[in-house]
Structure formats: C-alpha cells, structure tokens
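Novice: Pasting a predicted model and its sequence here:
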Amino acid sequence: MHKIHHHYVLPYTDSNYGNIFSVWDRLFGTFTTLDRTEIIYGVDTFPNELENSSLTHLLQQPFHKCRKPTTTIVKKQDI
C-alpha cells in the first residue's frame, strides 16, 4: 500500500503515508489504490535516468537548487 506514495507524480506522492496501517490515511482522506504494475518510482524534479543511476549524483541531489517538476499533476483516473 505505501509503495504508491513513492510514485513519481502527484497526486500519488501525497497519498498512502502510512507504512503499516492504513487507518490514518483512510481517516484523513489520503488513501488511494493503484495497480502495482502502474507504479513508476522516482522524483519528478530529477527525471534524468543517467543521473539517477550514479551514486555521486544521487548523493548530490539534496544539495541542488530547487527544480520545477517535469510533470504536471495527473488526475487519478488518467493513469
């Protein structure tokens, strides 16, 4: 369930915060479902696959200036 939270695009990154229990997500309306085959992991501000495969670049990412997301917010029914 929590894996959906690691999808690279909104609104999935803003859902399923709970790692073990979905009670809080259901209570606060952040629970969502998605087929596991549709989950694409990552961060939409660092889409470069070459950068993401390098340990050096991964360690530098938290220190980069803010980047604009490369994707737009997707409606859940669009995916």
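Specialist: Nice, I can see it. Numbering: from 1, shown residues only.

Novice: In which helix or strand does the residue located most distally from the centre of the chain reside?
Specialist: Residue farthest from the centre of the chain, counting by Cα atoms, centre = their mean, is residue 56 at 21.5 Å. Per DSSP states H and E, residue 56 falls inside helix 55-60.

Novice: For that helix, enumerate the helices and strands it packs against.
Specialist: In terms of contacts (3 or more Cβ pairs under 8 Å, 6 or more residues apart in numbering; DSSP states H and E), helix 55-60 is packed against helix 49-52. The way it works is simple: take the backbone N, C-alpha and C, and place the C-beta from them, glycine included.

Novice: Tell me the confidence at residue 27?
Specialist: On the pLDDT scale, residue 27 is placed at 91.

Novice: can you tell me how far it sits from residue 17?
Specialist: Here residue 27 is placed at a distance of 11 Å from residue 17 (Cβ to Cβ, to the nearest Å).

Novice: Same drill for these two, tell me which one is more crowded.
Specialist: Neighbour count, other Cβ atoms under 10 Å: between residue 27 and residue 17, residue 17 has more, with 13 against 10.

Novice: my read: that one touches residue 25, true?
Specialist: Yes - the pair residue 17 and residue 25 passes the contact test of Cβ atoms under 8 Å, sitting 6.0 Å apart.

Novice: Residue 32: what's its closest spatial neighbour, skipping adjacent residues?
Specialist: residue 15 (4.3 Å; Cβ to Cβ, 6 or more residues apart in numbering).

Novice: Perfect, I'm done here.
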